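Undergrad: structure of the sequence below:
(chains A and B)
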2 protein chains.
Amino acid sequence: MGKRIFNFNPGPAALPLPVLEQVREEFLDYKGTGMSITEISHRSKQFEECLNQAVERTKRLLKIGDDFHVFFVQGGATLQFCMVPMNLAIQGKPVDYINTGTWSTNAIKEAKLLGKDVRVIASSEDKNFSYIPKGFQVDKDAAYLHFTSNNTIKGTQWAEFPKTGDVPLVGDMSSDFLSRPFEVKPFGLIYAGAQKNIGPSGSAMVIIRKDMLERGSPNLPTMLRYTTFTANNSLYNTPACFVIYVVSLVLKWLEETIGGLEKMERINKEKGKMLYDFMDRSNFYRGTAAKDSRSLMNLTFRLPSEELENKFVSEASKAGLGGLKGHRSVGGCRASLYNAVGIDAVKALVEFMADYQKRNG
Amino acid sequence: MGKRIFNFNPGPAALPLPVLEQVREEFLDYKGTGMSITEISHRSKQFEECLNQAVERTKRLLKIGDDFHVFFVQGGATLQFCMVPMNLAIQGKPVDYINTGTWSTNAIKEAKLLGKDVRVIASSEDKNFSYIPKGFQVDKDAAYLHFTSNNTIKGTQWAEFPKTGDVPLVGDMSSDFLSRPFEVKPFGLIYAGAQKNIGPSGSAMVIIRKDMLERGSPNLPTMLRYTTFTANNSLYNTPACFVIYVVSLVLKWLEETIGGLEKMERINKEKGKMLYDFMDRSNFYRGTAAKDSRSLMNLTFRLPSEELENKFVSEASKAGLGGLKGHRSVGGCRASLYNAVGIDAVKALVEFMADYQKRNG
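TA: Residues are numbered from 1 along each chain as shown, chains lettered A, B, ... in the order given. Below you'll find the predicted structure:
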């Protein structure tokens, strides 16, 4: 095996090394079945154990009870952009959205395509989505309020979630799910593509408050109805078994090795502080997000010129620091510090950045 | 590592051992990237190579040219049950279906849910779906004719596909895709869940004739529109990367180790003949499908009593022959002999069956 790099990819992203090692170790014979995890039935007790463990660990980590369902849907967060309004809109009521970047914009687009009465009640588009809106009014008539908890491309993150009273909050948490504790109670629905913090690509995890299930029409296509998934424990059809299996291992690592969300948050804060403090002391690297809106997951920054940025990404890659290129839609640089990215990786990055500045500043 | 069993699972199913070994071998460091295949970007050249290889090999294996698109969609064949009528129905024209079992029935249900003018032009429901209908009339006014090429649960398979003239054929080929050569030209669309013959669960492969793309409305949700996938080479959003990677390895095995679809078919016929011939000579095992409709992929059979069936499945499992239980909806026994199930496995099964009969017949 070659040397593993420090992986700052925005997603698919780094996974905990002990998880990868376990997958490899048991790949040809899963728990004495004589089959690979990719070859066993989704209705076998071995697979159902993976699935149930993933669900139970999520519930324990987030301290949620039986008033919520946790399940897996293929199609990533992007399919949820249409499933949310299909299932949660209410005839005669508007659906409200906050626009904080590309993913919010796409979610809004899908709700409009479905002909819903969509209102954008707050947006940071005026400043290129570089901040999280404040001081907006939540309308108690809305069927739900949708927001994106962390913006992978622009490097912003909600420090505190919107207060909505009785209006159910709907959160796209793809890129900071399970990176910190939060109160689930105000949420009608949470969804997260697995490929940032909890596993490989190929599935979203969805958490729904049970009363929200009453909204979906039975005339929706079966695979686009949340009740199909909740009534069948994610097993109406064959799910993305390998993804769910790896998610169950990642959540075990998060719960047992890291020690839960409070500890995970402490580590993530330490990692973020290390890199932001360094940038702020530097006159070479410049963070692109407003300071009070900075993401601990995706840290976006610019260098004095595009030429220096390209050279930075390329030299970093040669030095074993991968995935530092900004999203193709905005350019610049980005370090994604998801749960599985260790403090050692951030230290190595800061050292490289200091050295690069010395040589090019 | 423990002993690998002979795996007759109906799906998720056996994968070629050399493929599993390669996945394990390179799992912590994919081609010198220093990352797992599960950790690299879906837009990296390494992943795009997997994806493009899977597409190119499919095109070569099926001898299809640039008048067809090959792409991957999450949600399995079950999501295709609604995507097909959403995208391929034509206002004012009926959509025609042939009903040969559970999966056809579900496909019909979804088209009806969408309010399409659905006609079932042939069915084998009168004899519990134990045969493939013949002598039905294809109506040239239909927008398409949908059929299921192999029926996993009932153990039937179309030996020759329906002749439809100018009506585009739509085939759910989940359980016999790439098990034999066939002419793709009459098809408007083919779909197949990966987890039978070509990979792990978590994605369907879809093949569409380019002129069919003109039918879909631009008002469909983005993730439910075929053009979203064809225009972005399956990369509009993050696809099921691990599944596609394994599919690319399975297709490499099929093309280079097996030697293509003619050779695969020869092997599959030999496997099927071995087991059916044994059953037909036996007065203990009884095939459930009509002889002219028998599947080479899923061989369904009964024993003299349910008690003997349960004991058979349980003793076979202890003897290292797994997955022989019939589908929970029909009972009995079933041996799935997909591409990756070797002749050695079928020999072992026949030997076990002979011995079991001797002890219990």
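
Undergrad: how about the helices in the stretch 51-200 of chain A?
TA: Using DSSP state H, counting those that start in this stretch, the helices of the stretch 51-200 of chain A run over residues A:76-88, A:102-113.

Undergrad: go through chain A and flag its longest helix.
TA: Of all the segments of type helix in chain A, defined by DSSP state H, the longest one is helix A:261-281.

Undergrad: who are the contact partners of the nearest residue to A:Asp176 once chain neighbours are set aside?
TA: Leaving aside its chain neighbours, A:Asp176 sits nearest to A:Asn150 (3.7 Å; criterion: CB to CB, 6 or more residues apart in numbering or on different chains). Using the backbone N, CA and C atoms, a C-beta is placed for each residue, glycine as well. Taking CB atoms under 8 Å, 6 or more residues apart in numbering or on different chains as the criterion, A:Asn150 is in contact with A:156-158, A:173-176, A:295, A:297-298.

Undergrad: dump the residues you listed to CSV, plus neighbour count.
TA: What follows is these, written out as CSV (neighbours: other CB atoms under 10 Å in any protein chain shown):
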residue, neighbour count
A:Thr156, 27
A:Gln157, 24
A:Trp158, 21
A:Met173, 25
A:Ser174, 28
A:Ser175, 28
A:Asp176, 26
A:Ser295, 28
A:Met297, 31
A:Asn298, 28
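
Undergrad: could you dump these into TSV and include distance to A:Val138?
TA: TSV is the format used below for those (distance: CB to CB, whole Å):
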residue	distance to A:Val138
A:Thr156	20
A:Gln157	20
A:Trp158	14
A:Met173	19
A:Ser174	23
A:Ser175	23
A:Asp176	21
A:Ser295	23
A:Met297	25
A:Asn298	26
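
Undergrad: surely A:Ser248 and A:Gln53 touch.
TA: Yes. In this structure, A:Ser248 sits in contact with A:Gln53. The criterion is CB atoms under 8 Å, and the distance is 4.6 Å.

Undergrad: and the two? which has more neighbours close in?
TA: A direct count of neighbours by other CB atoms under 10 Å in any protein chain shown for A:Ser248 and A:Gln53 places A:Ser248 higher, at 24 against 18.

Undergrad: ok, back up a step: of the helices of the stretch 51-200 of chain A, which is nearest B:Ile343?
TA: Closest approach to B:Ile343 among the helices of the stretch 51-200 of chain A (CB to CB): helix A:76-88, 39.6 Å.

Undergrad: does chain B sit close to the closest one?
TA: Yes. In this structure, helix A:76-88 sits against chain B according to CB under 8 Å from any CB of the partner chain; the contacting residues are A:76-79, A:81-82, A:86.

Undergrad: and the gap between A:Leu254 and chain B?
TA: Applying CB to the nearest CB, to the nearest Å, one obtains 17 Å for the distance of A:Leu254 from chain B.

Undergrad: take the contacts of A:Asn150 and write them to CSV, including pLDDT.
TA: Rendered in CSV, the data for the contacts of A:Asn150 read as follows (pLDDT from 0 to 100):
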residue, pLDDT
A:Thr156, 98
A:Gln157, 98
A:Trp158, 98
A:Met173, 98
A:Ser174, 97
A:Ser175, 97
A:Asp176, 98
A:Ser295, 98
A:Met297, 98
A:Asn298, 98
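
Undergrad: from these, pick the one nearest chain B.
TA: When the contacts of A:Asn150 are compared for distance to chain B, the smallest value, 9.7 Å, is given by A:Ser174; criterion: CB to the nearest CB.

Undergrad: my guess is that closest one contacts A:Ser201, does it?
TA: No. The pair formed by A:Ser174 and A:Ser201 falls short of the contact definition of CB under 8 Å, at 10.9 Å.

Undergrad: mutual contacts of the two, please.
TA: Among the neighbours of A:Ser174, those also in contact with A:Ser201 (CB under 8 Å, 6+ apart) are A:11, A:76, A:193.

Undergrad: of those, which is the most crowded?
TA: Neighbour counts for those peak at A:Gly193, which has 30 neighbours (criterion: other CB under 10 Å).

Undergrad: which ones are touching it?
TA: When the contact criterion is CB under 8 Å, 6+ apart, the partners of A:Gly193 are A:11, A:76-78, A:174, A:201, A:203-204, B:238.

Undergrad: what does A:Met223 give?
TA: A:236-237, B:75, B:78-79, B:81-82.

Undergrad: surely it is within a helix?
TA: Yes. With DSSP: H, G, I helix; E, B strand; the rest coil as the criterion, A:Met223 is assigned to a helix.

Undergrad: nearest spatial neighbour of it, skipping sequence neighbours?
TA: Ranked by CB to CB, 6+ apart and with sequence neighbours excluded, the top spatial neighbour of A:Met223 is B:Leu79, at 4.7 Å.

Undergrad: for the one you found, give its distance to A:Thr238.
TA: Counting by CB to CB, to the nearest Å, the separation of B:Leu79 from A:Thr238 is 11 Å.

Undergrad: SS state for A:Ser314?
TA: helix.

Undergrad: can you count the residues close to it?
TA: For A:Ser314, the count of nearby residues is 12 (other CB under 10 Å).

Undergrad: how about the residues of the stretch 51-200 of chain A near chain B?
TA: By CB under 8 Å from any CB, the part of the stretch 51-200 of chain A that sits against chain B consists of A:74-79, A:81-82, A:86, A:106, A:109-110, A:113-114, A:193, A:195, A:199-200.

Undergrad: just the buried members of the residues you listed?
TA: Listed as buried from those are A:74-79, A:81-82, A:86, A:106, A:110, A:113-114, A:193, A:195, A:199-200; burial here means 16 or more other CB atoms under 10 Å in any protein chain shown.

Undergrad: can you list contacts of stretch A:37-50?
TA: With CB under 8 Å, 6+ apart as the contact definition, stretch A:37-50 has outside contacts at A:23, A:26-27, A:30-31, A:33, A:233, A:235, A:238-239, A:241-242, A:244-245, A:248, B:7, B:9-10, B:12-15, B:20, B:199-201, B:246, B:323, B:328.

Undergrad: quick one: buried residues of stretch A:340-355?
TA: Within stretch A:340-355, the residues scored as buried using 16+ other CB under 10 Å are A:340-342, A:345-346, A:348-350, A:352-354.

Undergrad: ok, stretch A:111-118 next?
TA: Residues of stretch A:111-118 classed as buried under the neighbour-count rule (16+ other CB under 10 Å) are A:111, A:113-114, A:116-118.

Undergrad: residue boundaries of the helices in the stretch 201-350 of chain A?
TA: Counting by DSSP H, counting those that start in this stretch, the helices of the stretch 201-350 of chain A are A:226-230, A:241-252, A:261-281, A:306-318, A:343-360.

Undergrad: got the angle between the fourth one and helix A:343-360?
TA: Computed by axes from the mean of the first three to the mean of the last three CA atoms, to 10 degrees, the angle separating helix A:306-318 from helix A:343-360 equals 140 degrees.

Undergrad: would you list the buried residues of stretch A:340-355 in CSV and tack on pLDDT and distance to B:Ala319?
TA: Conversion of those to CSV gives the following (pLDDT from 0 to 100; distance: CB to CB, whole Å):
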residue, pLDDT, distance to B:Ala319
A:Ala340, 98, 41
A:Val341, 98, 47
A:Gly342, 97, 46
A:Ala345, 98, 49
A:Val346, 98, 53
A:Ala348, 98, 53
A:Leu349, 98, 55
A:Val350, 98, 59
A:Phe352, 98, 57
A:Met353, 98, 60
A:Ala354, 98, 63
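
Undergrad: okay, these in a markdown table with distance to A:Arg286 next?
TA: Shown next, in a markdown table, are these (distance: CB to CB, whole Å):
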| residue | distance to A:Arg286 |
| --- | --- |
| A:Ala340 | 27 |
| A:Val341 | 22 |
| A:Gly342 | 26 |
| A:Ala345 | 22 |
| A:Val346 | 18 |
| A:Ala348 | 21 |
| A:Leu349 | 16 |
| A:Val350 | 15 |
| A:Phe352 | 17 |
| A:Met353 | 12 |
| A:Ala354 | 15 |
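
Undergrad: could you pick out which of those are near chain B?
TA: Among these, none lies close to chain B by the criterion of CB under 8 Å from any CB.
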